[in-house]
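Enquirer: sequence and predicted model, in that order:
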Amino acid sequence: MAYVEIHPENPQTRLVKSVVDTLRNGGTIALPTDSGYAIATAMANKDGMDVIRQIRDLDEKHNFSFLCHNFSQLGSLVIVDNKAFRTIKALTPGPYTFILRGTKEIPRMTLNKKKHTVGVRIPDHKITQAIVEELGEPLLCSTLILPGHEEAMWNAEEVFEAVGKQVDTVIGGPVGHEGSTTVVDFTDGSPVVVREGAGSTELF
């Protein structure tokens, strides 16, 4: 396990590359985002998925999410109709998770088994963006909400104390908002707010 402090405005290339090496070697990380901390791993890493499930005590029905660098990366993972397209473009980057049906581009194991859906995010956070850009593909993730809690963790030291022994690297840095993402489900065409969080729900 390791703790790495990355600059929130000018992420150090050397440290970003080190984190990406960890991910490419099958590791799992805890990183700050624009809405609390998330636990993340490479998108096809089944062992990493299992670590995330164990930390959060998740069942098979949980929708995992992908942290994306930009809209085109997001669009390769999920099926976006015109209505969803306009809304997601207007709200990203930002503290939102959008649930949509997955495309054939993503590993089947990451999809909700019944609905074939997955969550997608484009975070407004320089550390997260630097890591995803260097990796060259989206990160599979889940908001770091510990069992029995309702909100995402946001304090780096507390994250390291809570999950430092279960993940390979904890990245220290400020989060954009202390709350969780706002989750919007577009599975049936019209947006349904599943969880109110850091992102405004005025558009819905």
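Expert: Great, that's in hand.
Enquirer: how about T33: what's its closest non-neighbour residue?
Expert: P123 (4.6 Å; C-beta to C-beta, 6 or more residues apart in numbering). Every residue, glycine included, has its C-beta placed from N, CA and C.
Enquirer: next up, the contacts around that neighbour.
Expert: By C-beta atoms under 8 Å, 6 or more residues apart in numbering, the contact list for P123 reads T33, D34, S35, L67, P93, G94, P95, Q129, G176.
Enquirer: distance check, it against T110.
Expert: 18 Å (C-beta to C-beta, to the nearest Å).
Enquirer: what does S76 give?
Expert: Separation of S76 from T110 (C-beta to C-beta) stands at 14 Å.
Enquirer: who has more neighbours out of those two?
Expert: T110 (20 against 13; other C-beta atoms under 10 Å).
Enquirer: for burial, what's the neighbour tally of T13?
Expert: Residues lying near T13 (other C-beta under 10 Å) number 10.
Enquirer: for it, what are phi and psi?
Expert: phi -60, psi -40 (degrees, to the nearest 10).
Enquirer: can we start the residue count at 44 from this point?
Expert: Sure, I'll start counting at 44 from here, so that last one is T56.
Enquirer: next up, phi/psi of the residue of the chain positioned farthest from its centre, please.
Expert: Relative to the mean C-alpha coordinate of the chain, counting by C-alpha atoms, centre = their mean, the farthest residue is N125 (23.6 Å). Backbone torsions for N125, taken as degrees, to the nearest 10, come to phi -60, psi -40.
Enquirer: do you know how far the residue lying closest to D100 once chain neighbours are set aside is from M196?
Expert: What sits nearest to D100 in space, not counting adjacent residues and going by C-beta to C-beta, 6+ apart, is P190, at 4.1 Å. Distance check for P190 against M196: by C-beta to C-beta, it reads 12 Å.
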